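[1] Below are the sequence and a predicted model; questions follow.
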Amino acid sequence: MSQLDRFRRLLGMRQPDDRRSTRRKNARKGLRVLIVDDSQTIVAALGHMLGQNGYETDSADSAEAALEKARTDPPDLIFLDIVLPGMSGFSALRQFRRDPATESVPVIMISGNPQAVEEFYLKKIGADDFMKKPFGRYEVFSRIERLVSDGELPARERPAAEPADL
């Protein structure tokens, strides 16, 4: 093991191939995810990743549209960009937390801002997690896995083991 690998292990940093050594805790298939971002590229990329893993996605390009969709048909999880046209993601998060229909829906905030100072403020106003743009598949699913581990999202049922032939 190299010194860099030892250092990463000490800090609890996992390598992308480390995830293959343990079974991923996926959220249940059919989990309904609302993606709120004004970038169609982000919506398409995130929607594709989530769809490949059996999640149903919907999208909104503004906070106002997201609030309306979430009030009428609350999703199981929301990915919410901070910088949106009109109302900001911060304001939308406050409204999600005040509305009985969405107050318990986990929200992962996303931002392309190179400074991570937002993370502190997001936790104070009720975000469940934070991702910086650009993000990859590993980061998206590690965030979902943490929410499953914390009991915020329902876990995917594991297939029953095949009975042994007698």
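    Perfect, I can see it now.

[2] and the helix or strand residue 138 falls within, how far from the chain's centre?
    Using DSSP states H and E, residue 138 maps to helix 137-149. Its chain's average C-alpha position is 7 Å from that of helix 137-149, according to CA atoms, centre = their mean, to the nearest Å.

[3] List the buried residues of stretch 124-138.
    127-133, 135 (16 or more other CB atoms under 10 Å). No exception for glycine: its C-beta is placed from N, CA and C like everyone else's.

[4] ok, back up a step: let me see the residues that make contact with the helix holding residue 138.
    16, 19, 24-27, 46, 49-50, 53, 77, 106, 108, 128-129, 131, 153-155 (CB atoms under 8 Å, 6 or more residues apart in numbering).

[5] Now intersect those residues with the helices, please.
    Under the assignment DSSP state H, those contribute 46, 49-50 to helices.

[6] could you flag which of the contacts of helix 137-149 are buried?
    25-27, 46, 49-50, 53, 77, 106, 108, 128-129, 131, 153.

[7] any idea which of those residues is closest to residue 61?
    Within these, the smallest distance to residue 61 is 13.2 Å, found for residue 46 (CB to CB).

[8] Can you get me a residue count around residue 51?
    Number of residues near residue 51 (other CB atoms under 10 Å) recorded here: 12.

[9] and what of residue 48?
    Quick note: residue 48 (other CB under 10 Å) scores 11 neighbours.

[10] now it: how far from residue 35?
    From residue 48 across to residue 35, the span is 11 Å (CB to CB, to the nearest Å).

[11] Mean pLDDT per helix and strand in the chain: which one sits at the bottom?
    Within the chain, no helix or strand scores below helix 3-10, which has a mean of 57 by mean pLDDT, DSSP states H and E.
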